[in-house]
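**Student:** Generate coordinates for the sequence data below:
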Amino acid sequence: MATTSELPRTLPRPPPSVQPDPVTFTSPAKPRAYYARPTPTRELPSVKIQWGVIAGFGVAGLAAWAAFLLYATNQERLSSSVVRKVLRDIRVDPEAVRLLGDGVRAAPEWWLNGQPYVNGAINLLQGSVDFSVRVKGSLREGILYFTSIRKTKGQQFEILRYKIITDDGHVLHLHADNVEH
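**Tutor:** Below you'll find the predicted structure:
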């Protein structure tokens, strides 16, 4: 095994005695085309703007945006604690079951892919709840109306309207003491 003292030592090469001539460039160093651009034999046609197609895509985009906004706000109202509590209360309320039949639930809408539509506004922070939802049972269908306000911050909500009006005209005023929010 060789040690470092036994290896031959090589010195760096000396600089060349004759220096190469410096190269001077006469033009900028940018890429050039490999071939000459062909000359056009005729003018290019002018492109006509298809305003009908642009308007069609614009209307379709706005309609899709509006449909998504409708679906998203309905899902927000449907998942509200007030709506869920009211729907749960009418499901077990004996007067509502007597009027509508068994299996009282929110009626699905075909245009919402089977989800019920909740009409109205729910603003718990501002102290106002006002919505209506279509409900159905085994006997009848109708619309549930619920309105509640809170006059000042920190107080309980006061229920102003809590009733079901069926399609054949029956009106059922539900008891406000069944609902707490």
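**Student:** which stretches of this structure have low pLDDT?
**Tutor:** Low-confidence segments of the chain, defined by pLDDT under 70: 1-8, 176-181.
**Student:** repeat that for 80
**Tutor:** 1-10, 25-35, 175-181 (pLDDT under 80).
**Student:** how about the helices in it?
**Tutor:** Applying DSSP state H to the chain gives helices spanning 51-78, 81-92, 94-100.
**Student:** of all the ones you listed, which lies closest to L124?
**Tutor:** With respect to L124, and counting by C-beta to C-beta, the nearest of the helices of the chain is helix 81-92 at 7.3 Å. (C-beta placed from N, C-alpha, C; glycine too.)
**Student:** and that closest one, what other elements does it pack with?
**Tutor:** Applying 3 or more C-beta pairs under 8 Å, 6 or more residues apart in numbering; DSSP states H and E, we find helix 81-92 packed against strand 105-106, strand 118-123, strand 128-136, strand 141-149.
**Student:** Quick one, which of those strands gets closest to T26.
**Tutor:** Of all these, strand 118-123 sits nearest to T26, with 76.5 Å by C-beta to C-beta.
**Student:** Tell me the buried residues in that closest one?
**Tutor:** Of the residues in strand 118-123, 118, 122 count as buried by neighbour count, 16 or more other C-beta atoms under 10 Å.
**Student:** export that strand as PDB, just CAs?
**Tutor:** Provided in PDB are the C-alpha atoms of strand 118-123 (Å, rounded to 0.1, in the frame of the first residue of the first chain):
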ATOM      1  CA  VAL A 118     -86.300  26.600   1.700                       C
ATOM      2  CA  ASN A 119     -87.700  30.000   0.800                       C
ATOM      3  CA  GLY A 120     -86.900  33.000   2.900                       C
ATOM      4  CA  ALA A 121     -84.000  34.400   5.000                       C
ATOM      5  CA  ILE A 122     -82.400  33.200   8.200                       C
ATOM      6  CA  ASN A 123     -80.300  35.800   9.900                       C
END
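**Student:** and the angle from it to strand 141-149?
**Tutor:** 10 degrees (axes from the mean of the first three to the mean of the last three C-alpha atoms, to 10 degrees).
**Student:** Would you mind stating the distance between W51 and G61?
**Tutor:** 15 Å (C-beta to C-beta, to the nearest Å).
**Student:** I meant L160, not that one.
**Tutor:** 40 Å.
**Student:** More neighbours: which of the two?
**Tutor:** The residue with more neighbours, out of L160 and G61, is L160; 13 against 10, by other C-beta atoms under 10 Å.
**Student:** Give me the distance between the residue nearest to the more buried one when sequence neighbours are not counted and G120.
**Tutor:** Among residues not flanking L160 along the chain, T147 sits closest, at 4.5 Å (C-beta to C-beta, 6 or more residues apart in numbering). Per C-beta to C-beta, T147 is found 8 Å from G120.
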